[in-house]
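Novice: one predicted model, sequence on top.
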Amino acid sequence: MKSKKEWLEELIKYHNNLFWNKNDPIITDPEYDLLVEELRIIDPDNPLIQKIHTIPTTSSKKVEHTFPMLSLDKVYTIPELLNWCGKVARTKDEKFILEPKLDGCSSEYSKKILSTRGDGYIGEDITDKLPIIKTCSVDGSFITDYNDLYYIRGEIVLSISEFELYKDKLLRKSGQPYKTARSACSGLLNKDDVDVSLGRILTLVPFDLILTTFILTELESLDWDTVIKSYKNLDYPTDGIVIKLADLSYSQSLGNTSHHPRGEMAFKFTNPTGKSVLRDIEWSSGKRKLTPVGKIDPVEIGGVIVSNVNLHNYKYILDKNIQINDTLVIERCGDVIPDVQKVIPGKNRIEIKLECCPECGALVIYNEPELYCTNDNCSGKHLQLLLDSVIRIGIERLGEPTLVKLINKGFNDLIKILKLTKEDILTLEGFANISSENMLNEIQKIIKNGVSEWQLLASLNIKDVGQRMSKIILNDMTLSELRNKSISELECINGIGPERSVRIFNGLKENNNYIDELLKLIPIKKDIKMEKPTICFTGKMPEKRSYYESIASEYGYEPVKSATKTLSVLVCVDPNSGSNKLKNAAKNGTEIISVKEFMDRMCIAMGAK
């Protein structure tokens, strides 16, 4: 019998396929969002939750993005939004930019190539779709000659008015019409051939095209109902508002997670609410922490029956003074399971405490904001770490229930799993001839095809070294070179810092023999690495040159000191000054831009949704 986690994973994959590949969802966004958050509660680190989705295309050509095209973190109420603004604001006069959160296909046009977001790092080439795409310009007009453009990031959408005008002509392969402008846009981008008879029906809207700037105190006093209504009434499909720090350098200093930048937030529109009584707490064991899930009396919210509520961590419970038998005002928040908006103290309240780990019985300690099991050999902790290693190394169809069976049989690490034989698998309860072969084939794929070095590094489960950080670290060096680095050398790698450098050094040292064993079992694939574009800054600028060079480095450029013939971009104060350096750069075909244009471009990079 499938566990709830396996059932949720299959259901989410099924609906992902309908939404992203078939453009024909059969459930509403809120219904899908609830499934995702239920999985988040059970398995906070599940790849299905962190995955960045994009519209699929028929293209087989891959394009590596110069800067990562990340998703955005989300909130679903104005109080949550203002709370985030208050946390990132340095003063009451901190400036924020508001933009529409468009619902289409996030894309990048660079060096005459148009590509989708893909996984955030590598997208798919859809340059062949340019004949049906126009681009908004700052003055509201449209650009159709892409030879005049060098770089732009934005959302490809089908306007609501054009969808209504052409929806009888926009048909699926089955002959059925699309239900929404968003699904029609996806369908057009996924067609093998481009129907130019429709004209430039799609629009690439730059992320920073529609800008409204407010300071923090103005945001707190805004008539949000009117603001939300104005965004909902745009002609483009809009499912929220993007709010970000106007100060690029400060926003950049906050950094990114593997999923989203910390200097931006998306406010989603859907917010159905309800009330229910908290009856119990279920604690799930993660890789390092214990996560509380509130079990409530079933209640219908937004057409869906809800029985779980997100309690985040133990500090969240303490701060809101949540106790058993309290009535909770809860809100379904887009792609999160209901959050607690208000606590109404009930009768016979029981304080929520946890002294022993529900998995192994060891003592639990509170290290704000989380509860942690003190047992390094905790079975629950070990299970989640092994599950994460299996996922990161690329073995599919090996879920938590099967891993429990393997661990109970003594196959308790990745090396032992990679060495499994069909006879070993047949000893597991519920496995017969065909299912054993299927599982063995999945494992043999990894051994035959190999993995990237960053996958192997990520599979070690060194704290704060996930897939994204592993890619960054191994972009300019091999795993072998990394293993020979000292702590001080590791600290010099962009994005690591002093604390993480110690963790990486110790993690590699502790896993030294383990890594050698893995390398004997799995061949390493050579990743194709694109050369970084070079950039040179010249002339007296508002800030020190090192300031601009650091920003350029962060977003994939290689700063150089001289304007050679191979230079990609030359940044100056005035591109029209007519200096000899600029004239020579122009002759060499080097792109010449102003400091302002450079900073605007970096703003676009920061604005990736």
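Specialist: Noted; the coordinates are in hand.
Novice: C-alpha from now on. contacts and neighbour counts both.
Specialist: Will do.
Novice: and Leu521, how many neighbours?
Specialist: A count of nearby residues for Leu521, using other CA atoms under 10 Å, gives 16.
Novice: check what pLDDT it gets.
Specialist: pLDDT recorded at Leu521 is 88.
Novice: so who does it touch?
Specialist: Residues near Leu521 by CA atoms under 8 Å, 6 or more residues apart in numbering: 415, 418, 447.
Novice: same thing but at 7 Å, please
Specialist: When contacts are counted by CA atoms under 7 Å, 6 or more residues apart in numbering, Leu521 is found next to Ile447.
Novice: test my guess that Gln384 contacts Arg288.
Specialist: No - with contact defined as CA atoms under 7 Å, Gln384 does not reach Arg288; the gap is 8.6 Å.
Novice: any stretches of the stretch 501-609 of the chain with poor pLDDT?
Specialist: Along the stretch 501-609 of the chain, the parts satisfying pLDDT under 70 run over 527-532, 542, 554-556, 576-580, 589, 600-609.
Novice: what ranges do the strands span in it?
Specialist: Remark: strands assigned in the stretch 501-609 of the chain by DSSP state E, counting those that start in this stretch are 534-537, 558-559, 569-572, 591-594.
Novice: show me what the shortest one pairs with in its sheet, parallel or antiparallel.
Specialist: When you say that, I think you mean strand 558-559. Strands adjacent to strand 558-559 in the sheet, as given by DSSP bridges, are strand 534-537 (parallel).
Novice: run through who's touching the partner strand.
Specialist: 545, 557-563, 567-572.
Novice: do the same with stretch 398-411
Specialist: Here stretch 398-411 makes contact (CA under 7 Å, 6+ apart) with 387, 412, 417, 428.
Novice: how far is it from where the chain is centred?
Specialist: How far stretch 398-411 lies from its chain's middle: 29 Å, per CA atoms, centre = their mean, to the nearest Å.
Novice: residues near Ile350, how many?
Specialist: A total of 14 residues lie near Ile350 under the criterion other CA under 10 Å.
Novice: I figured it hits Asp326, correct?
Specialist: No - using CA under 7 Å, Ile350 is not in contact with Asp326; the gap is 8.8 Å.
Novice: and the residue positioned nearest the centre of the chain, what element?
Specialist: The centroid of the chain falls nearest to His259 when counting by CA atoms, centre = their mean (2.7 Å). Assigned by DSSP states H and E, His259 belongs to no helix or strand.
Novice: equivalent analysis for Lys101, please.
Specialist: Lys101 belongs to strand 95-102 when assigned by DSSP H and E.
Novice: outside of the next helix or strand after that strand, which residues touch it?
Specialist: Using DSSP H and E, the helix or strand that directly follows strand 95-102 along the chain is strand 105-110. For strand 105-110, contacts defined as CA under 7 Å, 6+ apart pick out 54-55, 114-117, 150-157.
Novice: and what of stretch 202-211?
Specialist: Contacts for stretch 202-211 (CA under 7 Å, 6+ apart): 97-99, 132-136, 138, 152-158, 604, 607.
Novice: now distance to Asn408 and mean neighbour count too, for the strands of the stretch 501-609 of the chain, in TSV please.
Specialist: Listed next are these as TSV, based on distance: least, CA to CA, whole Å; neighbours: other CA atoms under 10 Å:
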stretch	distance to Asn408	mean neighbour count
strand 534-537	54	22
strand 558-559	51	20
strand 569-572	58	23
strand 591-594	61	18
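Novice: Gly286 touches Ser379, doesn't it?
Specialist: No - with contacts counted by CA under 7 Å, Gly286 stays clear of Ser379, the gap being 10.6 Å.
Novice: ok, these two, which is more surrounded?
Specialist: Comparing Gly286 with Ser379 by other CA under 10 Å, the one with more neighbours is Gly286, at 20 against 15.
Novice: any idea of the pLDDT on that one?
Specialist: Gly286 is assigned a predicted lDDT (pLDDT) of 74.
Novice: and the gap between it and Pro358?
Specialist: As judged by CA to CA, to the nearest Å, Gly286 and Pro358 stand 12 Å apart.
Novice: and for Ser452?
Specialist: To Pro358, Ser452 is 36 Å away according to CA to CA.
Novice: likewise Asp376?
Specialist: When distance is defined by CA to CA, Asp376 is 14 Å away from Pro358.
Novice: quick check: Leu245 touching Lys95?
Specialist: Yes - here Leu245 reaches Lys95: they are 6.3 Å apart, a contact under CA under 7 Å.
Novice: ok, those two, which is more surrounded?
Specialist: Counted by other CA under 10 Å, Leu245 and Lys95 do not tie: Leu245 has more neighbours, with 24 against 20.
Novice: which SSE is the closest residue to Glu300 other than its chain neighbours in?
Specialist: Excluding the flanking residues, the one nearest Glu300 by CA to CA, 6 or more residues apart in numbering is Val306, at 6.1 Å. Using DSSP H and E, Val306 sits within strand 304-310.
Novice: immediately after that strand, which helix or strand?
Specialist: The first helix or strand that comes after strand 304-310 along the chain, using DSSP H and E, is helix 314-319.
Novice: where does the protein have its least confident helix or strand?
Specialist: Here the helix or strand of the chain ranked lowest by mean pLDDT, DSSP states H and E is helix 595-606, holding a mean of 63.
Novice: picking up where we left off before, may I see the PyMOL selection of the buried members of the contacts of strand 105-110?
Specialist: Buried subset of those, written as a PyMOL selection, criterion 16 or more other CA atoms under 10 Å:
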select buried, resi 54+55+114+115+116+117+152+153+154+155+156+157
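Novice: thinking again about what came up before, tell me which of Asp376 and Pro358 has more neighbours.
Specialist: Higher neighbour count among Asp376 and Pro358: Pro358, with 18 against 10, using other CA under 10 Å.
Novice: for the more buried one, give its distance to Ser435.
Specialist: Distance from Pro358 to Ser435, by CA to CA: 31 Å.
Novice: same thing with Leu582?
Specialist: Counting by CA to CA, the gap from Leu582 to Ser435 is 66 Å.
Novice: those two: which is more packed in?
Specialist: Using other CA under 10 Å, the more surrounded residue of Leu582 and Ser435 is Leu582, with 22 against 14.
Novice: re earlier: could you dump the strand holding Val306 to CSV, C-alpha only?
Specialist: C-alpha atoms of strand 304-310 as CSV (Å, rounded to 0.1, in the frame of the first residue of the first chain):
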residue,chain,number,x,y,z
VAL,A,304,-11.5,21.8,-0.6
ILE,A,305,-11.7,19.7,2.6
VAL,A,306,-8.7,20.6,4.8
SER,A,307,-7.5,18.5,7.8
ASN,A,308,-3.8,19.7,8.2
VAL,A,309,-2.4,23.1,9.0
ASN,A,310,1.1,24.4,8.6
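Novice: which residues touch it?
Specialist: 31, 41, 293-300, 337-339.
Novice: so which bits of that strand are buried?
Specialist: Those would be 306-310, for strand 304-310 by 16+ other CA under 10 Å.
Novice: ok, stretch 312-326 next?
Specialist: 312-317, 322-326.
Novice: redo those residues as CSV? Include pLDDT.
Specialist: CSV is the format used below for the buried residues of stretch 312-326 (pLDDT from 0 to 100):
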residue, pLDDT
His312, 83
Asn313, 87
Tyr314, 89
Lys315, 89
Tyr316, 88
Ile317, 91
Ile322, 93
Gln323, 94
Ile324, 94
Asn325, 95
Asp326, 94
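Novice: of all those, which comes closest to Leu508?
Specialist: Leu508 has its nearest neighbour among these in Asn313, at 30.0 Å by CA to CA.
Novice: hang on, isn't that closest one packed against Thr291?
Specialist: Yes - with contact defined as CA under 7 Å, Asn313 reaches Thr291; the gap is 5.8 Å.
Novice: distance-wise, check the residue nearest to the centre of the chain relative to Leu371.
Specialist: 24 Å.
Novice: over to Asn438?
Specialist: For Asn438, the distance to Leu371 equals 38 Å [CA to CA].
Novice: between the two, which one's more packed in?
Specialist: Leu371 (21 against 13).
Novice: any idea which helix or strand carries the more buried one?
Specialist: With elements taken from DSSP H and E, the one containing Leu371 is strand 370-373.
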